[in-house]
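Colleague: I'll drop the sequence and a predicted model, then ask my questions.
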Amino acid sequence: MLAMFDASPMSSERDGCKRIPASALLSDAGEEFGGDSPVHEEEMDSSLPREDSSLSQGTRLRWTPAEDRLLRQLVNEHGAKNWSKLAKHFPRRHSRQVRLRWKNHLSPDIDDREWTVTEDKIITDTQKRFGNRWSLIARRLPGRSDNATKNRFNRLIRMREARRRRGGESSNLESE
C-alpha cells in the first residue's frame, strides 16, 4: 500500500527537476530578461522569517503586559487589520502571533465569563454533528473564539474521562 504522504526530501533523481539556487535566479534574471531584475533581494527576504534567534528557534515567549498595552494602542490607532504592519512594532513576534493574540485574548469582543451549561451543550452537540470545525462551532457562541471553544471542548472531555475513571456520576456528555 502506498503511503499518503512521503516526507522525505525530493531529489533531482526522484522528481526529474534540476535544482537551481535562489541566488542564481536573482543574479541571472536581469541579464536573461534584458535589464534590471523585477525581483529584489529585499522583497524576497521580507516573506521569510526574521533572523532573530527567538523566532527561528521556535521558542514560545509569553506576552508581556507592555506588549499587550502596545497591541491595544496600535489596534485603536490602526484598526484590527494589516497584522504584518502591526507586527513590525514587536521585534520578537510574527504577524500571525500578533493577530492571534488580539483575536483570542485582547479583543473587546471576547466573552471571558464562565462557560454555561447551555454553551457546553451547544459545543458538544455541534461537535458531534460537524466534527472539529471550531470556527463553525464558535459562530454559534457569540463572543467565544474558536480557540476558546476548542479548549473548552477538550476540557469537557478531560472532565468526562476523570469522572469515568473515578466511577462517578454520568454527565450530559456521556449520553453518546
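Modeller: That came through, no problem. What you see is a predicted model; the values in this text were computed from it and never measured. Numbers count the residues shown, from 1 in each chain.
Colleague: put the alpha carbons of stretch 106-120 into PDB.
Modeller: The C-alpha trace of stretch 106-120 is given here as PDB (Å, rounded to 0.1, in the frame of the first residue of the first chain):
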ATOM      1  CA  LEU A 106      -7.300  41.100  23.900                       C
ATOM      2  CA  SER A 107     -10.300  41.900  21.600                       C
ATOM      3  CA  PRO A 108     -13.100  43.600  23.500                       C
ATOM      4  CA  ASP A 109     -15.500  41.300  21.600                       C
ATOM      5  CA  ILE A 110     -14.300  38.300  23.600                       C
ATOM      6  CA  ASP A 111     -16.600  36.900  26.200                       C
ATOM      7  CA  ASP A 112     -14.500  35.700  29.200                       C
ATOM      8  CA  ARG A 113     -17.300  34.800  31.500                       C
ATOM      9  CA  GLU A 114     -17.600  31.300  33.000                       C
ATOM     10  CA  TRP A 115     -18.900  28.800  30.500                       C
ATOM     11  CA  THR A 116     -22.600  27.900  30.900                       C
ATOM     12  CA  VAL A 117     -24.300  24.500  30.700                       C
ATOM     13  CA  THR A 118     -26.100  25.700  27.600                       C
ATOM     14  CA  GLU A 119     -22.800  26.700  25.900                       C
ATOM     15  CA  ASP A 120     -21.300  23.300  26.800                       C
END
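Colleague: first-to-last residue distance for stretch 92-108?
Modeller: Distance across stretch 92-108, first residue to last, is 24 Å (C-alpha to C-alpha, to the nearest Å).
Colleague: that stretch - what's its average pLDDT?
Modeller: Mean pLDDT, computed over stretch 92-108, is 95.
Colleague: mind listing what the residue nearest to R72 when sequence neighbours are not counted touches?
Modeller: The spatially closest residue to R72, leaving aside those adjacent along the chain, is L106, at 6.1 Å (C-beta to C-beta, 6 or more residues apart in numbering). C-beta coordinates here come from the backbone N, C-alpha and C atoms, glycine included. Taking C-beta atoms under 8 Å, 6 or more residues apart in numbering, we find L106 in contact with 68, 71-72, 75.
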